[in-house]
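K.L.:
Sequence and predicted structure below; questions after.
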Amino acid sequence: MARLGILYCIDALPRGGGTENQLHGLIERLDRARFAPHLCTLRNDPREAPLAGCGRLRLDARGLARPGFWAGALKLARYLRRERVAVVQSFFQDATLLVAAAGRLAGTPVRLASFRDLGFWRNVRQDRLLRLAYPAFTGFVANSRAVKDHFCAKDGLDPARVTVIPNGLDIDAFPFTAHSERDAVA
């Protein structure tokens, strides 16, 4: 059986950020017998941790109005076609705008945008650009019901197109420690 190609696109993947750590953990834990993961970053970051068995594309495509953004979109579209990526998922504003253009141009069957906060970083221009990009996506992922409800109301998204997948928790990072009743009183 052929492995399903999945590409995740994010501004950068340094260790330490919440979304960045969760995406790194997701890519590390994907079953390589079933999935062929790929990572595209819009800028390099020296704090990035390596990912074994993961295709990699680094772009210099920060910001829609900056030189290199549209060349980056074309480069990503070629990569998506060449690697036969079936699913592309974006994280954060610039990556979402890039994936909207590149994913549609490449004909990637599943194009997902992620909502991971309440959009505190967005301004009027970004709102407008993102709303223009949303029709290029086949679906959306939110990390909570509140985030889904917020973007459906703010951006007029159809709630049926937004799936809630709560953030995961690495239980090995938080080992259980049994306590006695005496410990609870102290």
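P.N.:
Sure, I can see it.
K.L.:
The residue nearest to L118 when sequence neighbours are not counted in helix, strand or coil?
P.N.:
Leaving aside its sequence neighbours, L118 sits nearest to H150 (CB to CB, 6 or more residues apart in numbering; 5.2 Å). For the C-beta atoms, the positions are set from N, CA and C on the backbone; glycine is no exception. Here H150 is recorded as helix under DSSP: H, G, I helix; E, B strand; the rest coil.
K.L.:
Now do the contacts for H150.
P.N.:
Residues in contact with H150 (CB atoms under 8 Å, 6 or more residues apart in numbering) are F115, L118, G119.
K.L.:
Now do stretch 15-25, average pLDDT.
P.N.:
Mean pLDDT, computed over stretch 15-25, is 87.
K.L.:
Look up how far F69 lies from the residue nearest to L118.
P.N.:
27 Å (CB to CB, to the nearest Å).
K.L.:
So for the residue nearest to L118, what pLDDT did the model give?
P.N.:
Confidence score, pLDDT, at H150: 96.
K.L.:
R182 too?
P.N.:
68.
K.L.:
How about G107?
P.N.:
Taking G107 on its own, its pLDDT is 97.
K.L.:
Could you list the low-pLDDT ranges of the chain?
P.N.:
Counting by pLDDT under 70, the chain has low-confidence residues at 64-65, 170, 182-186.
K.L.:
And the helices in it?
P.N.:
Listed in chain order, the helices of the chain (DSSP state H) span 18-29, 69-82, 93-106, 124-133, 145-155, 181-185.
K.L.:
In CSV, list the ones you listed along with distance to R161.
P.N.:
Putting the helices of the chain into CSV (distance: least, CB to CB, whole Å) gives the following:
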stretch, distance to R161
helix 18-29, 21
helix 69-82, 21
helix 93-106, 14
helix 124-133, 14
helix 145-155, 9
helix 181-185, 47
